[in-house]
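**Q** Provided below are the primary sequence and the corresponding predicted coordinates.
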Amino acid sequence: MTSALTAEAMPLARVPFFAALTVIIAAASGRLILLRIRSEKRSFSATSGSILLIVATVPLPWAIICTALGVFASKIFIRQPMKVIFNVGKDTVGAAAAGSVAFLAGIRPGMELEAAPSLPRLVLALIAAALAYAIVDDLLGSTVMSLATRMPWRQAIRHNRDVVIRIRGVNIVLALLTVLIIGRQELLVLTMVPTVLALQLATKNKIRQRADQEAWRRLAGTTDQLNVTDLTTVLHAAVTLAPELFSADEAEIELRDVDLPRLIRGSAGRLRYEGTVAAAPARNDWTIGADLEGPSGPIGALRLRFRKPVKLNESEQYKLQTFASSLSTAIGNARAYAELQRINAENAYAATHDPLTGLANRRELLDQADRFFGRRAPDGMFAMLLIDLNHFKEVNDTLGHSAGDDVLREVARRLESAARQGDLVARLGGDEFAVLLTGLPAPAVATHRASDLLATLERTIEVDGMQLTIEAAGGIALAPGSGGVQELMRRADVAMYEAKRGGRRTAIYAHARDTADVGRLVLGGELSRAVTRREFMVDFQPIVDLASGEVVSAEALARWHHPEHGDLTPMQFLETVERSGQLPAFAAAVLEESLTALSTWREAGFDLPVAVNVSPRSLLDPTFPATVLDRLGAHGVPADRLVLELAETLTLSQLEVVDRTLHELRDAGVKLALDDFGTGVSSLSVLSRMPVHQLKIDREFVVQVETSTEAAAVVRSTVDLARSLHLIVVADGVESEPQRHALWELGCLTGQGHLFARPMRAGRLLATLQRGSGGRPGFLAGPLHKSGSVVRMAHRRNPRSSLPHLPA
Ligand code: C2E
Ligand code: CA
């Protein structure tokens, strides 16, 4: 053993040989194969072969010295002392281990050249020595690799195991051959230099190729994981996977193309920070970055952070670029997906909601109602309440659309807050709303709840500083046994018009009343034809002096002579006409016919004024007075022969444009009458603003005048009011003699109704007038009192005003 450990002096003749061995060591452990893939920073070398050669041919101490010198010479160019020390140390220890094992196996070369030992012994010893070197090399090498790359030690050991084992095998063969060769000629040892270099190159290529493949495979695997639709998941995956992929300490992504630049930072497998850029903890390390590009320019940056300075080689840079562009694509995709989701959600919302009020729209209402029909046993009954605002278009036309929108929003808000949980409030379009009333314990509850809902609309709404009163009518229909949603809606619609017609807050659908509404909805499209083909006709109902029975004027009542449906009454088509753009044409047609009839009667000797009904909406038309006066002029009819009957609506009476229109007409001499007097919510306040000449008492009071004290009281007070304002009172719908009598006694001196005549065409009225009653042309009834009889003028304070007034 002593001879193994003490370095004998070297004979001069052997110096070239020892020097050659040192050169071989240097060549073999050169940096040729240092792999620059960050995660695989480990050199593979032919060092083991040259060390085997040395331990087989020179005494152990010299073997160690030559190894140390050779490795040192090869590493001297690395300017990192720690690495030099480590490599020299590792290979020196390796050589010592290999040499010791060979020595034990009986290979004990001396300073002189000796004959090679027997081949089996040589082979055995070389294998044992190679094993010893491998153990040292693996232990130290893998430990350092695992420390440097954070790769687990076991994994480091297994890393490229097959290549390493193959290299080691080749090294043993190489060493064996070289030992055999130098047995013939010592300096042939130098042939090992090119062999070693060739081996180096071959291995280098092999490993580089494999490392490259491996790195790309991992890159592909990692980028695959970025392939998700959620942006946050993409960013988290990227910052937690990139550190491992590039052996970085941390990775971070900064997104700058958003309002609040965002930073996400992670280390291998762990998220470190997520938030604004400004609030991110400062880092003071080495970074390598790559830009993230979106379809329309830069969106931010990906940065790798290292504790120590690093420089990426070309291939690594290329991989970083590839990773960054995959990340950009993934971010772009996730954003596009989120946008798509948002648009889808928006579309879904828009498809089921009304944009102005945020309420459900018609489609959603029908869908929901349909679902109720589908339910086997819904708890309680359900009903549809259809609500239509009266005269809403006037608000829109006069105060502007934004005021109209305000009203609609307020209506929506009130309905929503008054609806019960489980009810669905919807806007069907325009001024039409609907509430699906659910969970009704009994049919009567529907009316009750509908009434509550409508009551909330009656409080005044303030728009642009004006207090507006919204009148609305509600139609209720309970879910029918058959016909489904369509039938439910139709019934609610019928009920709503019923309510409207009756001037009531709500009406519930009743099969008995669901009759002649032939296509109130389908008729809309036929209006223009009706105007051009003059399908609108006018009937006239005479207005009579109640006492004498003499005709004092006539009211024009429009009819639609429909080619299929026959004569339609205003109730069946007026609403549609008012909603369409055909109102001015319709009104003009009625006025024209009325003035024509008036002229005809006048020529025949009956100078009767004619009363024409005017839609509230016509009063909003600033050109209306001029049109009326123009037609009067064209027919040569004095303005005071025309009476315009106006429906009383509180909404209208508050609008300035209406005031102007009425004053203009009145100033020109046209007479104005307030129709349906007594039915409105606040007739008196309307009266105080509208400059009218007549009041027409609604039929509702007339029919009960001799049976109901309340009705009689209304007629009385109307008459009193009229007298003090010097207005004429006309009773509408007089059907019987007792009514005629009672009205006259209450002070109402004129009236119209079936008692005297039904509305009829102008020609027939003329004939009726000419024929007269009791031989008196121009009379339709006998006098109320036989001449000479005692007239009881009850309740009359001012007998003079009892004298019959002609309405003109
Ligand atoms: P209105 O102004 O109250 O007209 C009186 C209505 O009562 C008429 O119905 C008339 O036929 C009916 N009537 C008359 N006497 C009696 C009676 O003794 N008993 C009963 N039960 N009814 C009687 P009509 O013709 O169906 O008109 C309905 C409404 O349509 C009118 O109510 C009026 O407001 C409106 N209207 C009629 N013609 C026009 C028009 O040319 N333009 C406008 N804007 N509205 C019109
Ligand atoms: Ca009327």
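**A** Right, received. Where do you want to start? Ligands and ions are numbered 1, 2, ... in the order given.

**Q** just for this structure, where's the confidence low?
**A** Residues of the chain that meet the criterion pLDDT under 70 lie in 1-8, 30-46, 113-116, 149-150, 376-378, 512-525, 648-654, 680-685, 786-808.

**Q** show me the helices in the stretch 401-550 of the chain, by range?
**A** With helices called from DSSP state H, counting those that start in this stretch, the stretch 401-550 of the chain shows them at 401-418, 443-455, 484-501, 527-532.

**Q** ok, longest helix in this structure?
**A** helix 314-352 (DSSP state H).

**Q** pull the number of nearby residues for the residue in the stretch 101-250 of the chain positioned nearest to ligand 2.
**A** Closest residue of the stretch 101-250 of the chain to ligand 2, Cβ to the ion: Thr229 (67.2 Å). Using the backbone N, CA and C atoms, a C-beta is placed for each residue, glycine as well. Residues contacting Thr229 under the criterion other Cβ atoms under 10 Å number 15.

**Q** correct me, but it touches Arg335?
**A** No: counting by Cβ atoms under 8 Å, Thr229 stays clear of Arg335, with 9.9 Å between them.

**Q** backbone phi and psi for the closest residue to Gly753 other than its chain neighbours, please?
**A** Once flanking residues are discounted, Gly753 sits nearest to Val734: 3.3 Å by Cβ to Cβ, 6 or more residues apart in numbering. Per-residue torsions, Val734: phi -80, psi 120 (degrees, to the nearest 10).

**Q** neighbours of Val734, just the number please.
**A** Neighbour tally, Val734, other Cβ under 10 Å: 28.

**Q** one more: Ala611?
**A** 28.

**Q** please work out which residue of the stretch 201-350 of the chain is closest to ligand 2.
**A** Ala350 (44.5 Å).

**Q** what comes up buried for stretch 322-340?
**A** 323-335 (16 or more other Cβ atoms under 10 Å).

**Q** can I get it in CSV, CA atoms only?
**A** The C-alpha coordinates for stretch 322-340 follow below in CSV (Å, rounded to 0.1, in the frame of the first residue of the first chain):
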residue,chain,number,x,y,z
THR,A,322,-42.2,31.0,-28.0
PHE,A,323,-43.5,30.8,-24.5
ALA,A,324,-44.3,34.5,-24.5
SER,A,325,-46.2,34.3,-27.7
SER,A,326,-48.1,31.2,-26.6
LEU,A,327,-49.0,33.2,-23.5
SER,A,328,-50.0,36.2,-25.6
THR,A,329,-52.3,34.0,-27.6
ALA,A,330,-53.7,32.4,-24.5
ILE,A,331,-54.4,35.8,-23.0
GLY,A,332,-56.0,36.9,-26.3
ASN,A,333,-58.1,33.8,-26.4
ALA,A,334,-59.3,34.1,-22.8
ARG,A,335,-60.2,37.7,-23.3
ALA,A,336,-62.0,36.9,-26.5
TYR,A,337,-63.9,34.2,-24.7
ALA,A,338,-64.7,36.5,-21.8
GLU,A,339,-65.9,39.1,-24.3
LEU,A,340,-68.0,36.5,-26.1
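
**Q** now what about that stretch, what contacts it?
**A** Taking contacts as Cβ atoms under 8 Å, 6 or more residues apart in numbering, the residues outside stretch 322-340 that touch it are 219, 222-223, 226-231, 233-235, 238, 242, 245-246, 253, 255, 290-295, 299, 302.

**Q** which helix or strand contains Arg716?
**A** helix 709-724 (DSSP states H and E).

**Q** which secondary structure elements does that helix sit against?
**A** Counting contacts by 3 or more Cβ pairs under 8 Å, 6 or more residues apart in numbering; DSSP states H and E, helix 709-724 is packed against strand 694-697, helix 699-702, strand 728-731, helix 737-746.

**Q** how distant is that helix from the center of its chain?
**A** Relative to its chain's centre, helix 709-724 lies at 58 Å (Cα atoms, centre = their mean, to the nearest Å).

**Q** next, the angle helix 737-746 makes with that helix.
**A** Orientation of helix 709-724 against helix 737-746 (axes from the mean of the first three to the mean of the last three Cα atoms, to 10 degrees) gives an angle of 40 degrees.

**Q** mind listing the strands for the stretch 101-250 of the chain?
**A** 250-255 (DSSP state E, counting those that start in this stretch).

**Q** residue contacts, Trp216?
**A** Taking Cβ under 8 Å, 6+ apart as the test, what Trp216 contacts is Lys319.

**Q** count the residues that sit near the residue of the stretch 701-808 of the chain at minimum distance from ligand 2.
**A** Nearest residue of the stretch 701-808 of the chain to ligand 2 (Cβ to the ion) works out as Asp732 at 6.8 Å. Asp732: 22 surrounding residues under other Cβ under 10 Å.

**Q** look up how far Ala495 lies from it.
**A** 25 Å (Cβ to Cβ, to the nearest Å).

**Q** likewise for Glu364?
**A** Glu364 is 22 Å from Ala495, by Cβ to Cβ.

**Q** between those two, which one's more packed in?
**A** Ala495 (27 against 17).

**Q** about what we covered before: leaving out the residues flanking it, which one is nearest to the residue of the stretch 101-250 of the chain closest to ligand 2?
**A** Nearest one to Thr229, counting by Cβ to Cβ, 6+ apart, is Tyr337 at 4.3 Å.

**Q** stretch 486-501 and ligand 1, any residue contact?
**A** No: residues of stretch 486-501 are not located near ligand 1 by Cβ under 6 Å from any ligand atom, the shortest gap being 8.8 Å.

**Q** ok, whatever residue of the stretch 101-250 of the chain ends up closest to ligand 1 to Glu339 distance?
**A** Here the residue of the stretch 101-250 of the chain nearest ligand 1 is Thr229; by Cβ to the nearest ligand atom that distance is 60.7 Å. Remark: distance between Thr229 and Glu339 (Cβ to Cβ) = 11 Å.

**Q** what do you get for Ala9?
**A** Distance from Ala9 to Glu339, counting by Cβ to Cβ: 84 Å.

**Q** who does the longest strand anywhere in the chain pair up with?
**A** In the chain, ranked by residue count with DSSP state E as the criterion, the top strand is strand 551-562. If you go by DSSP bridges, strand 551-562 pairs up with strand 536-545 (antiparallel), strand 566-568 (antiparallel), strand 610-614 (parallel).

**Q** now distance to ligand 1 too, for those, in a markdown table please.
**A** Formatted as a markdown table, these follow (distance: least, Cβ to the nearest ligand atom, whole Å):
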| stretch | distance to ligand 1 |
| --- | --- |
| strand 536-545 | 6 |
| strand 566-568 | 10 |
| strand 610-614 | 3 |
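
**Q** so which of the ones you listed gets nearest Arg272?
**A** Proximity to Arg272 (Cβ to Cβ) singles out strand 610-614 among these, at 78.3 Å.

**Q** report whether the helix or strand just after that closest one contacts ligand 1.
**A** Per DSSP H and E, the first helix or strand lying C-terminal to strand 610-614 is helix 624-635. No: counting by Cβ under 6 Å from any ligand atom, no contacts exist between helix 624-635 and ligand 1, the nearest distance being 12.0 Å.

**Q** what residues does the following helix or strand past helix 624-635 touch?
**A** Counting by DSSP H and E, the next helix or strand C-terminal to helix 624-635 is strand 642-647. Contacts to strand 642-647, defined as Cβ under 8 Å, 6+ apart, come from residues 553, 555, 594-595, 609-616, 619, 628, 632, 662, 665, 670-676, 690, 692-694, 696, 807-808.

**Q** tell me the centre residue of the protein?
**A** Per Cα atoms, centre = their mean, the C-alpha nearest to the average position across the chain is that of Glu346, at 1.8 Å.

**Q** I appreciate the help and will end here.
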